[in-house]
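Visitor: Any chance you can model this:
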Amino acid sequence: MAVLMEFAIFPTDKGKSVSADVAKVIQHIKNSGFTYQLTAMGTIVETQTVKQALNIVEQAAEILQTDSDRIYSTIKLDIKKGAINMIEEKINSINTKLS
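Guide: As a prediction, the model looks like this:
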């Protein structure tokens, strides 16, 4: 099974720029060893289970809660049996149809 999670998480009480806070979360994801892709509106992470994906979100919230009183998050999951490397495969599938 593969789980593709797109999520955004950030503190709402830190002013206009929260990039330093988000960078802490991205560093944690990078250290987790899971494949991820940073986008302008969120981060995509691929795991093998829903539990692993949600654990990343929980840990991200814990990281931000050390310095923030309020955090906002959105989460989307694509759960597919028998799939691997969904981050690249979904994009490749569309690109082949654009040719």
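Visitor: who's residue 80 bridged to?
Guide: Partner residues in beta bridges with residue 80, using DSSP bridges, are residue 2.
Visitor: Could you measure from it over to residue 39?
Guide: Look at residue 80 and residue 39: by C-beta to C-beta, to the nearest Å, they are 20 Å apart. All C-beta atoms are positioned from the backbone trio N, CA, C, and that covers glycine.
Visitor: okay, those two: which has more neighbours?
Guide: Set residue 80 next to residue 39 and count neighbours by other C-beta atoms under 10 Å: residue 80 wins out with 13 against 9.
Visitor: hang on, the more buried one packs against residue 47?
Guide: No: assessed by C-beta atoms under 8 Å, residue 80 is found out of contact with residue 47, at 11.9 Å.
Visitor: Would you map the strands across this structure?
Guide: Taking DSSP state E, the strands of the chain run over residues 2-11, 35-38, 43-47, 71-80.
Visitor: count of neighbours near the closest residue to residue 38 other than its chain neighbours?
Guide: The spatial neighbour of residue 38 that comes closest, neighbours along the chain excluded (C-beta to C-beta, 6 or more residues apart in numbering), is residue 26 at 6.1 Å. Around residue 26 sit 14 other residues, with neighbours defined as other C-beta under 10 Å.
Visitor: quick one: average pLDDT of the lengthiest helix in the chain?
Guide: In terms of residue count, the longest helix belonging to the chain (DSSP state H) is helix 50-65. The predicted model assigns helix 50-65 a mean pLDDT of 98.
Visitor: How about that helix, which residues are buried there?
Guide: By 16 or more other C-beta atoms under 10 Å, the buried positions in helix 50-65 come out as 53, 54, 56, 57, 60, 63, 64.
Visitor: May I ask which two of those residues are separated the most?
Guide: The two members of those with the most space between them (C-beta to C-beta) are 53 and 64, at 17.4 Å.
Visitor: quick one: low-confidence parts of the chain?
Guide: Scanning the chain with the threshold set as pLDDT under 70 gives no residue ranges.
Visitor: Need the buried residues of helix 50-65 in CSV (columns: distance to residue 14).
Guide: Shown next, in CSV, are these (distance: C-beta to C-beta, whole Å):
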residue, distance to residue 14
53, 25
54, 24
56, 21
57, 19
60, 15
63, 13
64, 9
